[in-house]
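Trainee: please find the sequence and the predicted model below.
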Amino acid sequence: MRRIVAVSLCALAACSPPSGAHGVRHVVLISCDTLRADALGVYAGERDRLAEWGAPPAAARTPRIDRLAREGIVFENATTAAPTTLASHTSLFSGLWPNAHGVARNGFEVRPEIETLAERLAARGFDTAGFAGSFALDRRFGIAQGFAHWDQELDLLIDGRAHEQNERRASKVTDAVLGYLDASSASRRFLFVHYFDAHAAYDPPERAIDSVAGRAVTGSIDDLRAAVAEHQQTMGAPRGLDATIVQGLDARWLGSEPVAGELDRALVARYAGEVSYVDREVGRLLDGLAARGILKDAMVILVADHGETLLDHCDVFNHGLAVYQSTVHVPLLVRLPDGSGAGCRVATGVSNVDVLPTVVELADLAATTRVDGVSLVPALEGRAFARGPVFSSATQPPSVEGQGGAWLNFAKAQCVRDGDFKLIETPYLGRRELYDLAVDPFELRDLINSTDPRFVAAEKALSGALSAWRAGSQPLPSKFDRSQTDEAERRLKELGYAGR
């Protein structure tokens with residue numbers, strides 16, 4: 001089912017770089033946690049779902065990231081390899097699918113055998129510095145390997161309501177990056193910057209508390225629990241947000257499309273407020289890099305680890321349980337220092353596993369170990385580019401781990417996309433779905449039972465690709481680090497709250 005796809009919506013001549021190198025001296029990788037692609041103006045399209053649900057219009061939400069998009073190349077159809085933080089970032093740093101690197105979900109260990117992007121860059125003389133916004137990327141899990149400096153000064157501690165894990169505001173992350181740069185000197189830099197704010201809870205700074213039916217709404221985890229409970233009551237067989245994450249979705253809910261109520265609209269608006277706050281901090285970071293003479297020689301990559309369901313499908317205000325576009329379609333923007341490709345848009349489907357081989361090629365690094373990703377340099381340079389299928393695997397629920405094969409996540413939802421067609425299989429629910437994203441980007445019309453020859457052929461090809469991907473699974477033997485769970489439980493008990 002591989003196809004050669006026209007990769008750019010602008011003329012190839014306009015995308016072609018000058019001869020020679022692109023001038024990459026520094027690499028700046030910005031990761032915006034829980035950022036739906038369509039939360040950004042550059043991806044919102046003609047139908048702005050967030051605005052329909054109560055958020056400000058797209059153009060007002062993210063002016064700085066949209067400006068970065070105009071200065072670089074926009075990958076319109078990037079898919080994350082996993083819709084949770086640690087597994088996705090491990091794929092980003094390793095260029096490997098989760099069924100190769102072995103990190104099943106948050107709390108698992110990143111194996112030392114993996115050669116990360118930071119290690120490759122450090123070997124070529126780059127100063128490597130990472131700045132984490134949440135505990136999901138704690139150095140104890142091995143995600144910091146290869147970084148000479150790893151900053152994780154998290155000051156907002158888990159409480160089960162406003163903070164479901166230790167984290168810090170985006171402003172603190174930006175301050176840490178700029179402070180580090182002012183205290184150090186290096187000829188070549190790799191900066192990894194992680195902003196966590198769009199993740200639940202949705203509590204953007206300076207936003208007033210909302211009032212819904214006389215109840216104060218702060219965007220807390222309790223508010224999300226209340227919204228989930230309302231929708232599950234409508235669908236039947238309610239089990240609540242916490243139990244759903246552990247036990248999984250109920251097959252009876254599938255196919256349900258929630259109708260936005262007043263509480264939902266307040267929560268979506270608060271989520272959009274978090275996105276706008278991150279946008280301002282991305283702008284402040286870029287301004288700070290420019291003032292320090294770094295930006296002009298830097299390749300800047302902005303990506304998300306995953307999105308957020310909000311009100312798409314039955315799994316509202318969550319991520320990790322499903323692989324619909326709301327959580328696996330992520331922004332991917334690349335700005336080259338010589339301005340090549342500015343304003344171009346790449347339609348070919350790609351993955352976050354492709355970031356590492358792309359940096360390896362542009363930074364002139366040795367390709368020393370096998371990766372699953374492919375270099376996106378041909379697409380960046382406006383040349384014809386055929387990626388082939390991309391895959392994503394859910395990380396929840398933990399209750400079905402180990403069923404169906406060597407890879408812990410085999411029973412969870414998985415998807416494969418090639419071109420416009422996408423196949424989803426959720427073994428623990430006995431569910432298969434097929435979508436044509438060209439005409440149905442929100443996955444509202446399941447084509448799995450269609451007799452149309454086009455859809456039958458697409459299902460057959462995608463099913464074969466997904467089966468081959470599963471059969472090739474050789475996950476490294478990662479294990480769960482229990483220490484973080486123990487710490488969280490101790491903290492919540494001290495607060496008199498059991499949490500989830």
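Mentor: In hand now; what should we look at?

Trainee: how about residue 434, what does it touch?
Mentor: Neighbour list for residue 434: 421, 422, 423, 424, 446, 447, 448, 450, 455, 458, 459, 462 [criterion: CB atoms under 8 Å, 6 or more residues apart in numbering]. From N, CA and C alone the C-beta is placed, and that goes for glycine too.

Trainee: ok, now with 7 Å
Mentor: Neighbour list for residue 434: 421, 423, 446, 447, 448, 455, 458, 459 [criterion: CB atoms under 7 Å, 6 or more residues apart in numbering].

Trainee: wait, which of these is closest to residue 272?
Mentor: The shortest gap between residue 272 and any of the contacts of residue 434 belongs to residue 446, at 28.6 Å (CB to CB).

Trainee: grab the nearest non-local neighbour of that closest one.
Mentor: In space, residue 446 comes closest to residue 433 once its chain neighbours are excluded; the distance is 4.9 Å by CB to CB, 6 or more residues apart in numbering.

Trainee: pretty sure the one you found contacts residue 447?
Mentor: No - taking CB atoms under 7 Å as the definition, residue 433 is not a contact partner of residue 447, at 8.2 Å.

Trainee: of the two, which one has the most company?
Mentor: A count of neighbours by other CB atoms under 10 Å puts residue 433 above the other of residue 433 and residue 447, at 21 against 18.

Trainee: what kind of secondary structure is the more buried one in?
Mentor: Here residue 433 takes the strand state, with states given by DSSP: H, G, I helix; E, B strand; the rest coil.

Trainee: now it, which residues is it bridged with?
Mentor: The partner list for residue 433 in beta bridges (DSSP bridges) reads residue 424.

Trainee: just the pLDDT at it, thanks.
Mentor: Per-residue pLDDT puts residue 433 at 98.

Trainee: same check, this time on residue 499
Mentor: The predicted local distance difference test score for residue 499 is 43.

Trainee: phi first, then psi, for residue 289.
Mentor: Phi and psi for residue 289, reported as degrees, to the nearest 10, are phi -70, psi -40.

Trainee: the residue nearest to residue 446 and residue 413: what is the separation?
Mentor: Here residue 433 is placed at a distance of 10 Å from residue 413 (CB to CB, to the nearest Å).

Trainee: swap in residue 376?
Mentor: Taking CB to CB as the criterion, residue 376 is separated from residue 413 by 26 Å.

Trainee: how about residue 42?
Mentor: Going from residue 42 to residue 413 by CB to CB gives 28 Å.

Trainee: check residue 51 too.
Mentor: Counting by CB to CB, the gap between residue 51 and residue 413 amounts to 28 Å.

Trainee: then residue 92?
Mentor: Distance of residue 92 to residue 413, computed by CB to CB: 20 Å.

Trainee: check which helices and strands the helix or strand hosting residue 422 sits against.
Mentor: When elements are defined using DSSP states H and E, residue 422 is found to belong to strand 421-426. Helices and strands touching strand 421-426, by 3 or more CB pairs under 7 Å, 6 or more residues apart in numbering; DSSP states H and E, are strand 414-418, strand 431-436, helix 453-471.

Trainee: and these, which is most packed in?
Mentor: Across those, the average number of neighbours (mean count of other CB atoms under 10 Å) peaks for strand 414-418, which reaches a mean of 24.

Trainee: a markdown table please, covering the helices and strands packed on strand 421-426 and showing distance to residue 284.
Mentor: Listed next are these as a markdown table, based on distance: least, CB to CB, whole Å:
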| stretch | distance to residue 284 |
| --- | --- |
| strand 414-418 | 35 |
| strand 431-436 | 38 |
| helix 453-471 | 40 |
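
Trainee: quick check: which ranges of the stretch 401-500 of the chain have low pLDDT?
Mentor: 484-489, 491-500 (pLDDT under 70).

Trainee: since we're on the residue lying closest to residue 476 once chain neighbours are set aside, how many residues are nearby?
Mentor: Ranked by CB to CB, 6+ apart and with sequence neighbours excluded, the top spatial neighbour of residue 476 is residue 102, at 3.8 Å. Here the number of neighbours of residue 102 (other CB under 10 Å) works out to 25.

Trainee: repeat that for residue 473.
Mentor: Residue 473 has 17 neighbours, counted by other CB under 10 Å.

Trainee: tell me the contacts of the closest residue to it other than its chain neighbours?
Mentor: Spatial nearest neighbour of residue 473, chain neighbours left out: residue 99 (3.9 Å); criterion: CB to CB, 6+ apart. With contacts taken as CB under 7 Å, 6+ apart, residue 99 has the following neighbours: 393, 407, 473, 475.

Trainee: just residue 28 next, same as before
Mentor: Taking CB under 7 Å, 6+ apart as the definition of contact, the neighbours of residue 28 are 191, 289, 298, 300.

Trainee: which one of those residues is nearest residue 218?
Mentor: residue 191 (32.5 Å).

Trainee: who does the closest one form a beta bridge with?
Mentor: Here residue 191, judged by DSSP bridges, has bridge partners residue 28, residue 129.

Trainee: residue 127 is in contact with that one, correct?
Mentor: No - using CB under 7 Å as the test, residue 191 is too far from residue 127 to be in contact (8.8 Å).
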